[in-house]
Each structure stands twice: as C-alpha cells, then as structure tokens.
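**Q** Curious how this folds, go ahead:
(one chain, ligands or ions: 2)
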Amino acid sequence: MTAMVKAEGVHKSFGHVEVLKGIDLEVASGEVFCLIGPSGSGKSTFLRCINHLEKVNAGRLYVDGELVGYRQKGDKLYELKDSEVAMKRRDIGMVFQRFNLFPHMTALENVMEAPIQVKGQAKAEARERAGQLLERVGLAEQQRVAIARALAMDPKLMLFDEPTSALDPELVGDVLDVMRDLAESGMTMIVVTHEMGFAREVGDSLVFMDGGVVVESGHPRDVLTNPSHERTKSFLSKVL
Ligand code: ADP
Ligand code: MG
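**A** Numbering: from 1, shown residues only. Ligands and ions are numbered 1, 2, ... in the order given. Model prediction:
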C-alpha cells in the first residue's frame, strides 16, 4: 500500500537557517499521525511543505505517491507550475491555530437581547459583553467551521496545526470531538498538538520532533509512557 505521506531526508532552510534537517517519516492511509515538539522545532514548516506552502530544499516528499512541488524526469527535478500546485492543494485540507474572525452580527444581537430587555442593561455595555462572550465561544465554532470548510473539498489528507491552542480550556473538547469523529471516519490526519490525551486516545502514531529532526516515534502510548530519549522525556515532563 502506498503511504499517504512519505518524507525521505527532507531539508528546509530559510536563508542560512536550517529548519528541517533531514526528516524521514511515513504516514499510512487512514492513519492519525500526531506530531509533537517544542516551539521552533519545525512542525509548522513541515506541514507547510506538505501543503505546498514551502518548497523543500533537499530530500523527497511525497503525498499519495506523488512528489510534492516538483516533477521528476530522469534524474532531474522541475518545479511545478502554479496551476499544477493549485490542483494538488485541492486534495489537502489544512486547519490552523487561528484564522480570521467572521462577522457575527445576528449572533451578537441575540446575545444582547436579554441583558437589555430583562436586566435593563445599556445597549453599549450589552454589546461589549456579548462581543467578548461570542469571541470566546466563536473561536471554537470557527475551528469547527474551518474543519467543515476543508472537508467540503473532499480532501484525502487533513493537516491540523495546533487547532486548539488558541481556545479556552473548556472549549478545546468541542473541537477535539470533531477531529475524533473525523478520525473514526477513516480520514488520514496529521495533527500537530499539545493535547497529549487526544494523541494517546486517537493517534495511531506519534512523532517527537526537536531542532528539525525526528527524535523519536512510535505508538502514542509507548512514546508517551515510556519515552526512550532524554529530549522526549524532558519535553513530556513539561507538557504532561
Ligand atoms: P514550530 O511549528 O515547531 O513551532 P516552525 O516550523 O514554525 O516551528 O519554525 C521553525 C523555525 O523556522 C523557527 O525558528 C522559525 O523562526 C523559523 N521559520 C519559520 N518560518 C520561517 C520563514 N518563513 N522565514 C524564516 N524563518 C522561518
Ligand atoms: Mg507551529
């Protein structure tokens, strides 16, 4: 069976700074693949490479058996045209930590109604408070909408880049539930997350990245309960 994602010695630099220093990994079709690691370790950059938002400098990256960003002829690589990249990106859904707020006037009016009518609250005050409340709940709702929007394109791969990091703790579960359902439906998912509970319960594999390399990988339960590297242990002691 072809892997949905395959990375062989993937390198990525920004100027003189090497961010990905030879990533080797494989994500099977239908797998929930969790990616953890400290800030700055290259997790987002790796997802962005998969989704054609960055071009790898060396190594090979494949999605569904096809080279990402390039066409190979003999020994030579040719960069894909923008139109070709656009076609390939349609097959990949991506959900980020945050995305732009959409106007929710109707919701705002709804939330303002009772404080004004029942409590006699001033309109300006009610509006301000309603806005604050909606913003909190709205972030979770927006992430659910973002996921739905990505799914509307029938992607074969979904990338999640810390989708719950900007949410209040009591709202995180709502978004994780959507992701859990999606996982159960058989979607191939790469999830960058600090939610170790999700990784343990839903993940099929877990990779710990640090400093642009894969330090350790395996079944989430094994990596989380019995990490073999010092760096993994030290990271987990901070997030668990
Ligand atoms: P993570 O998602 O694990 O926190 P990132 O992939 O966002 O890590 O970043 C890894 C490193 O690459 C960081 O040091 C970051 O500053 C750097 N980096 C990311 N994107 C760019 C860019 N477009 N230009 C320059 N440096 C970048
Ligand atoms: Mg990141």
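**Q** Can you check what pLDDT the model gives the residue nearest the centre of the chain?
**A** Within the chain, the residue whose C-alpha comes closest to the C-alpha centroid is residue 160; the distance, by C-alpha atoms, centre = their mean, is 1.6 Å. Per-residue confidence at residue 160 stands at 96 (pLDDT).
**Q** for residue 101, same thing?
**A** On the pLDDT scale, residue 101 is placed at 38.
**Q** which ones are touching residue 55?
**A** Residue 55 sits next to 12, 49, 69, 79 when contact means C-beta atoms under 8 Å, 6 or more residues apart in numbering. Glycine gets a C-beta too; all of them are placed from N, C-alpha and C.
**Q** Can you tell me the element the closest residue to residue 66 other than its chain neighbours falls in?
**A** Spatial nearest neighbour of residue 66, chain neighbours left out: residue 88 (7.3 Å); criterion: C-beta to C-beta, 6 or more residues apart in numbering. Element membership for residue 88 (DSSP states H and E) is helix 82-89.
**Q** What is the following helix or strand past that helix packed up against?
**A** Sequence order places strand 92-95 as the next helix or strand after helix 82-89, per DSSP H and E. Of the remaining helices and strands, those touching strand 92-95 by 3 or more C-beta pairs under 8 Å, 6 or more residues apart in numbering; DSSP states H and E are helix 123-151, strand 157-161.
**Q** out of these, which comes closest to ligand 1?
**A** Of all the helices and strands packed on strand 92-95, it is strand 157-161 that lies closest to ligand 1, at 7.2 Å by C-beta to the nearest ligand atom.
**Q** Direction included, what does the closest one pair up with?
**A** For strand 157-161, sheet partners with direction are given as strand 92-95 (parallel), strand 189-192 (parallel), following DSSP bridges.
**Q** Using a markdown table, please lay out those strands together with mean neighbour count and mean pLDDT.
**A** Putting those into a markdown table (neighbours: other C-beta atoms under 10 Å; pLDDT from 0 to 100) gives the following:
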| stretch | mean neighbour count | mean pLDDT |
| --- | --- | --- |
| strand 92-95 | 23 | 93 |
| strand 189-192 | 26 | 98 |
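**Q** Good, we can wrap up now.
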